[in-house]
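[1] have a look; sequence and predicted model below, questions after that.
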Amino acid sequence: MSISVSPSLQRRVRVAARALARHGLVQAWGHCSARIDDQHFLVCASRSMGRIGVGEDGTVVHVDRPLPDGVLGEVRIHQQIYKRRPAVGGICRVMPPVTVALSTLRRLPVPRHGVGAFNAACRFWEDPRLLRDDGLAGELADFMGDAPSLVMRANGVVTVGGSIEMAAGFAWCLEDAARMEERVASVATLADVDAGRLGTGEIALRQVSTGNVFERLWDYMAGGDPEALEGESRFPAPDWGRTCA
């Protein structure tokens, strides 16, 4: 049975793909998707995300069936997450350069400033292999749990949100935390670096999305895109996940 996809959702996926590329969160590799219903999602066209054209449609994928011809192998990650997390409405598989660099040292960005607190529950996946089989993708989804983000050692990042715009926002905030980590390490002593992180209580106080925090971030990320329409994006309340002790 053919699944109907609204022009609005197709457009939102394209805008998100180009926004991720515009802000250096993907280069030649990466993909993003948005949920259609319990069984289906829409993934962006299988090409460099910054080169996805106006009107270039994505592909509908079923969460429990083989990937359609031409869909990239790691889209299995999206399938496994959507199956396990009904509140997830969007997923981004990205390659943010500073976060990836830290991952080669087995390090995650530490919450040090406002938006750095947003990914405090980020998980670290040790295995550097591409996830092109269902079993491994399922293991990753289980390991991710309820976190908004997961860093794969030497292999990029997965972020999720209640919408594709929220998932993209979490990706931007994670890379901003990585940039902060890089800058702090360049000027501070080791003791100062350790002392400069936010505490558990401070993280909770900074995990606030009121005041149109994600809406303004999205306006910054998608501003100038030829298909971005005001009022079309969605910003459900974020799920910050449980921060590991």
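    That came in fine, so what should we check first?

[2] and stretch 175-182, average pLDDT?
    Mean pLDDT, stretch 175-182: 96.

[3] return the alpha-carbon coordinates of it using PDB.
    Only the C-alpha atoms of stretch 175-182 are listed here, as PDB (Å, rounded to 0.1, in the frame of the first residue of the first chain):
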ATOM      1  CA  GLU A 175      28.500  20.600  18.500                       C
ATOM      2  CA  ASP A 176      28.400  23.900  20.200                       C
ATOM      3  CA  ALA A 177      29.300  22.200  23.500                       C
ATOM      4  CA  ALA A 178      32.200  20.500  21.600                       C
ATOM      5  CA  ARG A 179      33.400  23.800  20.400                       C
ATOM      6  CA  MET A 180      33.300  25.100  23.900                       C
ATOM      7  CA  GLU A 181      35.200  22.100  25.100                       C
ATOM      8  CA  GLU A 182      37.900  22.800  22.500                       C
END
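
[4] list the buried residues of that stretch.
    Neighbour counts using 16 or more other Cβ atoms under 10 Å place 175-181 of stretch 175-182 among the buried residues. Heads up, the C-betas are built off the backbone N, CA and C, glycines and all.

[5] do the same with stretch 152-172
    For stretch 152-172, by 16+ other Cβ under 10 Å, it's 152-153, 155-172.

[6] give me the most central residue, this structure.
    What sits nearest the mean C-alpha location of the chain, by Cα atoms, centre = their mean, is residue 159, with 2.5 Å.

[7] which is the next helix or strand following the helix or strand where residue 92 lies?
    Residue 92 is part of strand 90-94, with elements assigned from DSSP states H and E. Later in the chain than strand 90-94, the nearest helix or strand by DSSP H and E is helix 97-103.

[8] same for that following helix, what does it pack against?
    The helices and strands touching helix 97-103, judged by 3 or more Cβ pairs under 8 Å, 6 or more residues apart in numbering; DSSP states H and E, are strand 149-152, strand 156-161, helix 164-187.

[9] I'd like the mean pLDDT over it, please.
    pLDDT averaged over helix 97-103 gives 98.

[10] quick one: strands adjacent to whatever helix or strand comes next after it?
    Following helix 97-103 in sequence order, the next helix or strand is strand 123-125 (DSSP H and E). Its sheet considered, strand 123-125 pairs with strand 149-152 (parallel) by DSSP bridges.
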